[in-house]
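Novice: Okay, sequence plus prediction incoming.
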Amino acid sequence: MVVSMIQVILELPDVTSIKEKRRIVKSLKEKLIARYRITAAEVDLHDSLAFSQIGGAVISNSRRHGETVMNKVLAFIEDNAPGRVQDVKIISEIY
C-alpha cells in the first residue's frame with residue numbers, strides 16, 4: 001500500500017476575514033475531493049488571514065500513480081486558488 005501526500009501553503013493576500021478565508025479553503029477542499037477523490041483538510045495556519053496550509057492524501061498500490069494524482073492536484077490548485085502557492089511538498093510512503 002502506498003500513501004501519497006501533498007502539503008501546499010497558499011498565500012491569500014486579498015482575504016479580509018477568517019470567515020472569508022474559511023469559505024475559500026472549504027470550496028477548494030470540496031473541489032479537490034470531488035474531482036480527484038482524495039482526502040483533504042486545512043492542516044495548519046488556521047488563525048492566519050494571509051496564509052493557509054492544505055494537506056491531501058490518496059492511497060494506491062503504486063507510487064507513480066499516487067504522485068501523478070498529487071501533481072494534478074497541485075496544477076488544479078495553481079490554476080483555481082485565489083492566491084499564490086508559496087510552498088509545496090509531495091511525498092509517498094510505502095506501508
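Specialist: The structure has been received and is ready for your questions.

Novice: switch to C-alpha atoms for all contacts and neighbour counts from now on
Specialist: Noted.

Novice: ok, now which ones touch residue 92?
Specialist: Shown in contact with residue 92 (Cα atoms under 8 Å, 6 or more residues apart in numbering): 2-5, 63, 66-67.

Novice: List the contacts of residue 53.
Specialist: Residues near residue 53 by Cα under 8 Å, 6+ apart: 7-10, 42-45.

Novice: Find me the pLDDT at it, would you?
Specialist: In this model, residue 53 is scored at 95, pLDDT.

Novice: Ignoring the adjacent residues along the chain, who's closest to it?
Specialist: By the measure of Cα to Cα, 6 or more residues apart in numbering, the closest residue to residue 53 outside its immediate chain neighbours is residue 9, 4.4 Å from it.

Novice: Check residue 33 too.
Specialist: In space, residue 33 is closest to residue 39, 6.2 Å off (Cα to Cα, 6+ apart).

Novice: hmm, back to that, and the contacts of residue 53 as TSV, adding neighbour count and pLDDT?
Specialist: Converted to TSV, the contacts of residue 53 look like this (neighbours: other Cα atoms under 10 Å; pLDDT from 0 to 100):
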residue	neighbour count	pLDDT
7	22	96
8	20	96
9	20	95
10	23	93
42	18	94
43	14	92
44	14	89
45	14	87
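
Novice: Could you let me know which of the residues you listed ends up closest to residue 18?
Specialist: When these are compared for distance to residue 18 (Cα to Cα), residue 45 wins out at 11.1 Å.

Novice: just the helices in this protein please.
Specialist: For the chain, the helices defined by DSSP state H occupy 18-36, 63-80.

Novice: coming back round to it: with distance to residue 17 added, can I get the contacts of residue 53 in CSV?
Specialist: Shown next, in CSV, are these (distance: Cα to Cα, whole Å):
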residue, distance to residue 17
7, 23
8, 21
9, 18
10, 16
42, 16
43, 18
44, 17
45, 14
